[in-house]
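Student: structure of the sequence below:
(2 chains)
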Amino acid sequence: MVTGARSGSVLSTPLQTDKETVGALSLYSSSPDGFDTGERRLAAEFARHASILLGNAVAFVTKDALVEGLRVALASREVIGIATGLLMVQPPRSRQAAFDVLRRASQRENRELRDIDADLVVQAEERGGPDPCRRS
Amino acid sequence: MASPSPGAVLRAGIAHAEITFDVLWAGYFALGGMASPDQLRQIIDGNRVPSHLDYDLIAQAINETFLDQGGDHPVPYAEDIGL
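Tutor: Numbers count the residues shown, from 1 in each chain, chains lettered A, B, ... in the order given. The predicted model follows:
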């Protein structure tokens, strides 16, 4: 946004990645036809470098969010898988029947399934015997 | 009166929850769902009949977005719609 001095000319250069336009570099001059060939070339070169930096920043943020989302999803999946397995063993029941037990508890207590399942896993650990895989 | 189709029930729940497809698939996957995004899309569009379990996982994923907003479980489960 330009405030104060009146602009006589504007030089605007897009900031582009391979996939999209991520912004624009706009330079203002109080003189009409205020940018010569060298200055235009310099602005284009600066915009090229800024585009690379911005593109990398966008890719980094997107990748970071994707990794975090997958981390949370996989952690949830593991807890739910363990809880479902526990319910399938005693008494023996199908995966569907085990899931029904868990989602009914979610409805009854108005809590997310992973929280219900996390409690179940903690309870199982607390009443569990010695780890059969541990060496004495 | 015939029961509504699974896809129609799920589409209504998605619209009510105002969630994107990506958010839905992430929630479904986090609950243990095995369907790919393409397969999930087919179920939602009514072009693929879900298993009882897959339907319930999708319904749960939608319902959990209501829990985040202080709501309840408005999307019916498979046994509720006679799947």
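
Student: what helix or strand does the spatially most central residue of chain A sit in?
Tutor: Central residue of chain A (CA atoms, centre = their mean): A:Ala65, 1.7 Å from the mean position. Per DSSP states H and E, A:Ala65 falls inside helix A:37-89.

Student: how far is the helix or strand following that helix from where the chain is centred?
Tutor: Next in sequence after helix A:37-89, counting helices and strands by DSSP H and E, comes helix A:95-109. Distance of helix A:95-109 from its chain centroid, counting by CA atoms, centre = their mean, to the nearest Å, is 29 Å.

Student: burial count for A:Ser76?
Tutor: Counted with other CB atoms under 10 Å in any protein chain shown, the neighbours of A:Ser76 add up to 22. Quick note: C-beta positions are derived from backbone N, CA and C, even for glycine.

Student: my guess is it contacts B:Tyr28. True?
Tutor: No: the pair A:Ser76 / B:Tyr28 is not scored as a contact, 11.0 Å apart, by CB atoms under 8 Å.

Student: and stretch B:4-19, which residues are buried?
Tutor: Buried residues in stretch B:4-19, counting neighbours by 16 or more other CB atoms under 10 Å in any protein chain shown, are found at B:6-7, B:9-10, B:13-14, B:17, B:19.

Student: do that stretch and chain A meet at all?
Tutor: No: Stretch B:4-19 does not reach chain A (CB under 8 Å from any CB of the partner chain); its nearest approach is 13.9 Å.

Student: list the contacts of that stretch.
Tutor: B:21, B:24, B:43-47, B:49-50, B:55, B:58-59, B:62-63, B:65-66, B:74-76, B:78, B:81, B:83 (CB atoms under 8 Å, 6 or more residues apart in numbering or on different chains).

Student: out of those residues, which are inside helices?
Tutor: In this view, the contacts of stretch B:4-19 that belong to helices under DSSP state H are B:21, B:24, B:43-44, B:55, B:58-59, B:62-63, B:65-66, B:78, B:81.

Student: spell out which residues of chain B are next to chain A.
Tutor: Counting by CB under 8 Å from any CB, the positions of chain B adjacent to chain A are B:26, B:29-32, B:52-53, B:56-57, B:60, B:63-64, B:67, B:72-73, B:77, B:79.

Student: rerun at 7 Å
Tutor: B:26, B:29-32, B:52-53, B:56, B:60, B:64, B:67, B:72-73, B:77 (CB under 7 Å from any CB of the partner chain).
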